[in-house]
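Participant: This is the structure alone, sequence omitted:
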(Lines give C-alpha, C1' and ligand atoms only; values in the text may rest on other atoms or scores of the structure.)
Protein backbone atom coordinates (compact mmCIF):
# COMPACT_ATOMS: atom_id res chain seq x y z
CA UNK A 1 0.00 0.00 0.00
CA UNK A 2 1.48 3.34 -1.04
CA UNK A 3 0.10 6.74 -0.04
CA UNK A 4 0.93 9.96 -1.87
CA UNK A 5 0.42 13.68 -1.45
CA UNK A 6 -2.89 14.87 -2.84
CA UNK A 7 -2.59 16.60 -6.21
CA UNK A 8 -5.92 17.86 -7.63
CA UNK A 9 -4.58 17.56 -11.18
CA UNK A 10 -4.00 13.82 -10.87
CA UNK A 11 -5.97 12.53 -7.87
CA UNK A 12 -9.42 12.56 -6.28
CA UNK A 13 -8.38 13.36 -2.71
CA UNK A 14 -8.18 9.86 -1.25
CA UNK A 15 -5.58 7.20 -0.54
CA UNK A 16 -3.41 6.07 -3.45
CA UNK A 17 -2.55 2.40 -3.81
CA UNK A 18 -1.10 0.24 -6.56
CA UNK A 19 -2.45 -2.87 -8.27
CA UNK A 20 0.17 -5.22 -9.67
CA UNK A 21 -1.19 -6.58 -12.92
CA UNK A 22 0.32 -9.31 -15.11
CA UNK A 23 -0.01 -9.04 -18.89
CA UNK A 24 1.87 -11.40 -21.21
CA UNK A 25 4.17 -12.55 -18.42
CA UNK A 26 5.14 -9.01 -17.43
CA UNK A 27 4.00 -7.22 -14.27
CA UNK A 28 2.84 -3.62 -14.39
CA UNK A 29 1.84 -1.26 -11.59
CA UNK A 30 -1.49 0.53 -11.83
CA UNK A 31 -2.34 3.46 -9.57
CA UNK A 32 -5.79 3.61 -8.03
CA UNK A 33 -7.32 5.68 -5.29
CA UNK A 34 -9.97 5.08 -2.66
CA UNK A 35 -12.05 7.77 -1.01
CA UNK A 36 -15.01 7.46 1.37
CA UNK A 37 -16.63 4.33 2.77
CA UNK A 38 -19.64 2.14 2.15
CA UNK A 39 -20.85 0.40 -0.99
CA UNK A 40 -18.12 0.65 -3.65
CA UNK A 41 -18.44 2.67 -6.85
CA UNK A 42 -15.76 2.41 -9.53
CA UNK A 43 -14.97 5.51 -11.59
CA UNK A 44 -13.45 4.83 -15.02
CA UNK A 45 -11.98 7.91 -16.67
CA UNK A 46 -11.97 8.66 -20.37
CA UNK A 47 -8.85 8.05 -22.43
CA UNK A 48 -6.96 11.16 -23.55
CA UNK A 49 -3.40 12.46 -23.75
CA UNK A 50 -3.95 14.22 -20.39
CA UNK A 51 -5.96 11.39 -18.82
CA UNK A 52 -5.71 11.04 -15.02
CA UNK A 53 -8.14 9.96 -12.34
CA UNK A 54 -8.11 13.56 -11.12
CA UNK A 55 -10.66 14.26 -13.86
CA UNK A 56 -13.14 12.32 -11.71
CA UNK A 57 -12.55 14.52 -8.67
CA UNK A 58 -15.88 16.34 -8.93
CA UNK A 59 -17.88 13.12 -9.14
CA UNK A 60 -15.82 11.60 -6.34
CA UNK A 61 -16.57 14.55 -4.06
CA UNK A 62 -20.32 14.07 -4.59
CA UNK A 63 -20.24 10.31 -4.03
CA UNK A 64 -17.65 9.94 -1.26
CA UNK A 65 -19.98 10.96 1.61
CA UNK A 66 -22.25 8.04 0.71
CA UNK A 67 -20.04 5.42 -1.02
CA UNK A 68 -16.52 4.06 -1.19
CA UNK A 69 -15.24 5.63 -4.40
CA UNK A 70 -12.44 3.93 -6.33
CA UNK A 71 -10.77 5.60 -9.32
CA UNK A 72 -8.07 3.92 -11.40
CA UNK A 73 -5.51 5.26 -13.86
CA UNK A 74 -5.46 3.07 -16.95
CA UNK A 75 -2.18 1.44 -17.93
CA UNK A 76 -0.22 3.94 -20.02
CA UNK A 77 -1.88 6.96 -18.42
CA UNK A 78 -1.81 9.00 -15.22
CA UNK A 79 0.34 7.62 -12.40
CA UNK A 80 0.22 4.06 -13.71
CA UNK A 81 3.15 2.47 -15.56
CA UNK A 82 3.58 3.61 -19.16
CA UNK A 83 5.52 0.82 -20.88
CA UNK A 84 6.15 0.90 -24.66
CA UNK A 85 3.55 -1.77 -25.40
CA UNK A 86 1.41 -2.30 -28.46
CA UNK A 87 -1.69 -1.04 -26.68
CA UNK A 88 -4.89 -2.67 -27.88
CA UNK A 89 -8.51 -3.23 -26.79
CA UNK A 90 -7.80 -6.78 -25.59
CA UNK A 91 -5.33 -5.39 -23.05
CA UNK A 92 -7.84 -3.00 -21.51
CA UNK A 93 -10.70 -5.47 -21.55
CA UNK A 94 -8.61 -7.94 -19.56
CA UNK A 95 -7.24 -5.25 -17.28
CA UNK A 96 -10.70 -4.03 -16.31
CA UNK A 97 -12.00 -7.51 -15.56
CA UNK A 98 -8.90 -8.49 -13.58
CA UNK A 99 -8.94 -5.30 -11.51
CA UNK A 100 -12.62 -5.60 -10.63
CA UNK A 101 -12.39 -9.28 -9.69
CA UNK A 102 -9.25 -8.73 -7.60
CA UNK A 103 -10.40 -5.56 -5.86
CA UNK A 104 -14.10 -6.22 -5.18
CA UNK A 105 -15.93 -9.13 -3.62
CA UNK A 106 -19.36 -8.36 -5.07
CA UNK A 107 -20.86 -6.80 -8.22
CA UNK A 108 -20.20 -3.08 -8.18
CA UNK A 109 -21.65 0.14 -9.57
CA UNK A 110 -19.55 1.76 -12.30
CA UNK A 111 -19.41 5.27 -13.73
CA UNK A 112 -17.50 5.23 -17.03
CA UNK A 113 -16.66 8.15 -19.31
CA UNK A 114 -15.60 8.41 -22.94
CA UNK A 115 -13.93 5.29 -24.35
CA UNK A 116 -14.03 3.69 -20.90
CA UNK A 117 -17.79 3.47 -21.37
CA UNK A 118 -17.30 1.09 -24.29
CA UNK A 119 -15.03 -1.16 -22.27
CA UNK A 120 -17.45 -1.08 -19.35
CA UNK A 121 -20.33 -2.04 -21.64
CA UNK A 122 -18.37 -5.05 -22.87
CA UNK A 123 -17.36 -6.06 -19.35
CA UNK A 124 -20.96 -5.77 -18.21
CA UNK A 125 -21.74 -8.83 -20.32
CA UNK A 126 -19.73 -10.89 -17.87
CA UNK A 127 -21.89 -12.34 -15.06
CA UNK A 128 -21.62 -10.96 -11.52
CA UNK A 129 -19.21 -8.15 -12.39
CA UNK A 130 -21.31 -4.97 -12.30
CA UNK A 131 -24.51 -4.09 -10.44
CA UNK A 132 -25.16 -0.69 -12.02
CA UNK A 133 -23.63 1.07 -14.99
CA UNK A 134 -23.72 4.81 -15.74
CA UNK A 135 -22.14 6.04 -18.97
CA UNK A 136 -20.95 9.66 -19.18
CA UNK A 137 -20.55 10.99 -22.73
CA UNK A 138 -19.80 7.48 -24.08
CA UNK A 139 -17.61 7.26 -27.18
CA UNK A 140 -16.19 4.48 -29.33
CA UNK A 141 -14.27 6.33 -32.06
CA UNK A 142 -10.80 7.88 -31.58
CA UNK A 143 -9.98 11.42 -32.75
CA UNK A 144 -8.31 10.63 -36.08
CA UNK A 145 -10.95 8.03 -36.85
CA UNK A 146 -13.68 10.56 -36.09
CA UNK A 147 -11.95 13.01 -38.44
CA UNK A 148 -12.20 10.46 -41.24
CA UNK A 149 -8.51 9.59 -41.56
CA UNK A 150 -8.14 6.25 -43.40
CA UNK A 151 -6.66 3.27 -41.60
CA UNK A 152 -3.23 3.37 -43.37
CA UNK A 153 -2.81 7.00 -42.37
CA UNK A 154 -3.78 6.36 -38.76
CA UNK A 155 -1.48 3.35 -38.56
CA UNK A 156 1.36 5.38 -40.02
CA UNK A 157 0.88 8.18 -37.51
CA UNK A 158 0.84 5.71 -34.62
CA UNK A 159 4.07 4.02 -35.70
CA UNK A 160 5.73 7.36 -36.36
CA UNK A 161 4.95 8.59 -32.84
CA UNK A 162 6.15 5.27 -31.42
CA UNK A 163 9.49 5.54 -33.21
CA UNK A 164 12.55 6.53 -31.13
CA UNK A 165 13.82 10.09 -31.38
CA UNK A 166 11.52 11.47 -34.05
CA UNK A 167 8.45 10.06 -32.34
CA UNK A 168 9.21 11.78 -29.05
CA UNK A 169 9.93 15.04 -30.92
CA UNK A 170 6.60 14.96 -32.75
CA UNK A 171 4.76 14.03 -29.58
CA UNK A 172 6.42 16.95 -27.80
CA UNK A 173 5.22 19.37 -30.48
CA UNK A 174 1.64 18.19 -29.96
CA UNK A 175 1.77 18.51 -26.19
CA UNK A 176 3.25 21.98 -25.71
CA UNK A 177 1.35 24.19 -23.23
CA UNK A 178 0.18 26.39 -26.09
CA UNK A 179 -1.18 23.47 -28.08
CA UNK A 180 -2.87 21.96 -25.01
CA UNK A 181 -4.58 25.28 -24.29
CA UNK A 182 -5.72 25.50 -27.91
CA UNK A 183 -7.23 22.01 -27.77
CA UNK A 184 -8.95 22.65 -24.44
CA UNK A 185 -10.37 25.91 -25.74
CA UNK A 186 -11.60 24.28 -28.93
CA UNK A 187 -12.97 20.97 -27.66
CA UNK A 188 -13.46 21.03 -23.88
CA UNK A 189 -14.02 24.30 -22.06
CA UNK A 190 -16.31 27.13 -23.13
CA UNK A 191 -15.14 29.29 -20.24
CA UNK A 192 -11.53 30.11 -21.08
CA UNK A 193 -11.02 31.63 -17.63
CA UNK A 194 -10.64 28.08 -16.34
CA UNK A 195 -7.55 27.58 -18.50
CA UNK A 196 -5.17 29.20 -16.04
CA UNK A 197 -1.37 28.90 -16.42
CA UNK A 198 -1.28 26.55 -13.41
CA UNK A 199 -3.99 24.34 -14.93
CA UNK A 200 -2.22 24.11 -18.28
CA UNK A 201 1.15 23.48 -16.66
CA UNK A 202 -0.29 20.63 -14.57
CA UNK A 203 -1.74 19.06 -17.72
CA UNK A 204 1.55 19.56 -19.56
CA UNK A 205 3.43 17.73 -16.81
CA UNK A 206 1.05 14.79 -17.19
CA UNK A 207 1.89 14.50 -20.89
CA UNK A 208 5.63 14.59 -20.30
CA UNK A 209 5.97 11.48 -18.14
CA UNK A 210 8.36 8.82 -19.51
CA UNK A 211 6.57 6.57 -21.98
CA UNK A 212 3.51 8.81 -22.19
CA UNK A 213 3.41 8.86 -25.98
CA UNK A 214 2.71 5.16 -26.52
CA UNK A 215 -0.80 4.78 -25.11
CA UNK A 216 -1.70 8.29 -26.21
CA UNK A 217 -0.74 7.54 -29.82
CA UNK A 218 -2.84 4.37 -29.70
CA UNK A 219 -5.88 6.28 -28.49
CA UNK A 220 -5.59 9.21 -30.89
CA UNK A 221 -5.22 6.93 -33.92
CA UNK A 222 -8.24 4.80 -33.02
CA UNK A 223 -6.23 1.73 -32.03
CA UNK A 224 -8.02 1.64 -28.65
CA UNK A 225 -11.53 1.97 -30.05
CA UNK A 226 -13.60 -0.58 -28.08
CA UNK A 227 -15.99 -1.16 -30.98
CA UNK A 228 -15.52 -1.22 -34.73
CA UNK A 229 -18.63 0.76 -35.67
CA UNK A 230 -21.79 2.40 -34.38
CA UNK A 231 -23.95 -0.69 -34.89
CA UNK A 232 -21.63 -2.75 -32.70
CA UNK A 233 -21.67 -0.01 -30.06
CA UNK A 234 -25.47 0.00 -29.96
CA UNK A 235 -25.65 -3.81 -29.96
CA UNK A 236 -23.24 -4.13 -27.04
CA UNK A 237 -25.02 -1.30 -25.28
CA UNK A 238 -28.24 -3.26 -25.23
CA UNK A 239 -26.60 -5.89 -22.94
CA UNK A 240 -29.61 -8.18 -23.52
CA UNK A 241 -28.63 -10.95 -21.15
CA UNK A 242 -27.20 -8.80 -18.36
CA UNK A 243 -29.34 -9.28 -15.23
CA UNK A 244 -29.19 -5.59 -14.32
CA UNK A 245 -29.79 -4.10 -17.76
CA UNK A 246 -33.55 -3.59 -17.48
CA UNK A 247 -33.67 -1.31 -14.49
CA UNK A 248 -30.18 -0.16 -13.57
CA UNK A 249 -28.32 0.71 -16.74
CA UNK A 250 -28.31 4.46 -17.42
CA UNK A 251 -26.63 6.57 -20.07
CA UNK A 252 -25.78 10.13 -19.10
CA UNK A 253 -25.34 12.15 -22.28
CA UNK A 254 -23.51 15.08 -20.78
CA UNK A 255 -20.48 17.21 -21.50
CA UNK A 256 -17.65 18.61 -19.43
CA UNK A 257 -17.88 21.98 -21.13
CA UNK A 258 -18.18 24.70 -18.49
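Facilitator: The structure has been received and is ready for your questions. Remember, it's a predicted structure, so these values are computed and weren't measured experimentally.
Participant: okay, CA-based contacts and neighbour counts for the rest of this
Facilitator: Fine.
Participant: how far out from the middle of the chain is the longest helix belonging to the chain?
Facilitator: If you go by DSSP state H, the chain has its longest helix at helix 89-103. Centroid separation for helix 89-103 versus its chain: 13 Å, with Cα atoms, centre = their mean, to the nearest Å.
Participant: Just the buried residues of it, please?
Facilitator: Within helix 89-103, the residues scored as buried using 16 or more other Cα atoms under 10 Å are 92-93, 95-97, 100.
Participant: Turn those residues into TSV, columns for distance to residue 152 and pLDDT.
Facilitator: Output for those, formatted as TSV (distance: Cα to Cα, whole Å; pLDDT from 0 to 100):
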residue	distance to residue 152	pLDDT
92	23	98
93	25	97
95	28	98
96	29	98
97	31	97
100	35	97
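Participant: which one of the residues you listed is nearest residue 156?
Facilitator: residue 92 (22.3 Å; Cα to Cα).
Participant: I figured that closest one was touching residue 118, is that so?
Facilitator: No. Contact criterion Cα atoms under 8 Å: residue 92 and residue 118 do not qualify, at 10.7 Å.
Participant: picking that back up, between the very next helix or strand once past the longest helix of the chain and helix 89-103, how big is the angle?
Facilitator: With elements assigned by DSSP states H and E, the helix or strand that comes after helix 89-103 is strand 108-113. Interaxial angle of strand 108-113 relative to helix 89-103 (axes from the mean of the first three to the mean of the last three Cα atoms, to 10 degrees): 140 degrees.
Participant: Now do strand 108-113: which elements does it pack against?
Facilitator: Using 3 or more Cα pairs under 8 Å, 6 or more residues apart in numbering; DSSP states H and E as the contact test, the elements touching strand 108-113 are strand 40-44, strand 130-136.
Participant: Apply 10 Å and report the result again.
Facilitator: Packing partners of strand 108-113 (3 or more Cα pairs under 10 Å, 6 or more residues apart in numbering; DSSP states H and E): strand 40-44, strand 68-72, helix 115-123, strand 130-136, strand 249-252.
Participant: starting at the chain centroid, how far to the longest one?
Facilitator: Between the mean C-alpha location of helix 115-123 and the chain-wide mean there is a distance of 10 Å, by Cα atoms, centre = their mean.
Participant: for that helix, packing partners?
Facilitator: Short answer (3+ Cα pairs under 10 Å, 6+ apart): helix 115-123 packs on strand 40-44, helix 89-103, strand 108-113, strand 130-136, helix 230-238.
Participant: average pLDDT across the first one?
Facilitator: By that I understand strand 40-44. Here strand 40-44 scores 97 as its mean pLDDT.
Participant: outside of stretch 10-17, which residues touch it?
Facilitator: With contact meaning Cα atoms under 10 Å, 6 or more residues apart in numbering, stretch 10-17 is reached by 1-7, 29-36, 50-61, 64, 69-73, 78-79, 202-203, 206.
Participant: Let's see which of those residues end up in strands.
Facilitator: With strands taken from DSSP state E, the overlap with the contacts of stretch 10-17 comprises 29-35, 69-72.
Participant: so who does residue 26 touch?
Facilitator: Contacts for residue 26 were tallied using Cα under 10 Å, 6+ apart; they are residue 20.
Participant: and the gap between it and residue 175?
Facilitator: From residue 26 across to residue 175, the span is 29 Å (Cα to Cα, to the nearest Å).
Participant: before we move on, what about residue 134?
Facilitator: Noted for residue 134: a distance of 31 Å to residue 175, by Cα to Cα.
Participant: still on that earlier bit, now a PyMOL select for only the buried ones of the contacts of stretch 10-17.
Facilitator: A single PyMOL command selects the buried members of the contacts of stretch 10-17 (16+ other Cα under 10 Å):
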select buried, resi 29+30+31+32+33+34+35+36+50+51+52+53+54+55+56+57+60+64+69+70+71+72+73+78+79+202+203+206
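Participant: where are the low-confidence patches of the stretch 151-258 of the chain?
Facilitator: For the stretch 151-258 of the chain, the stretches with pLDDT under 70 are 190, 238-258.
Participant: Helices along that one, start to end?
Facilitator: Ranges of helices in the stretch 151-258 of the chain, per DSSP state H, counting those that start in this stretch, are 151-162, 166-173, 177-187, 197-207, 212-220, 230-238.
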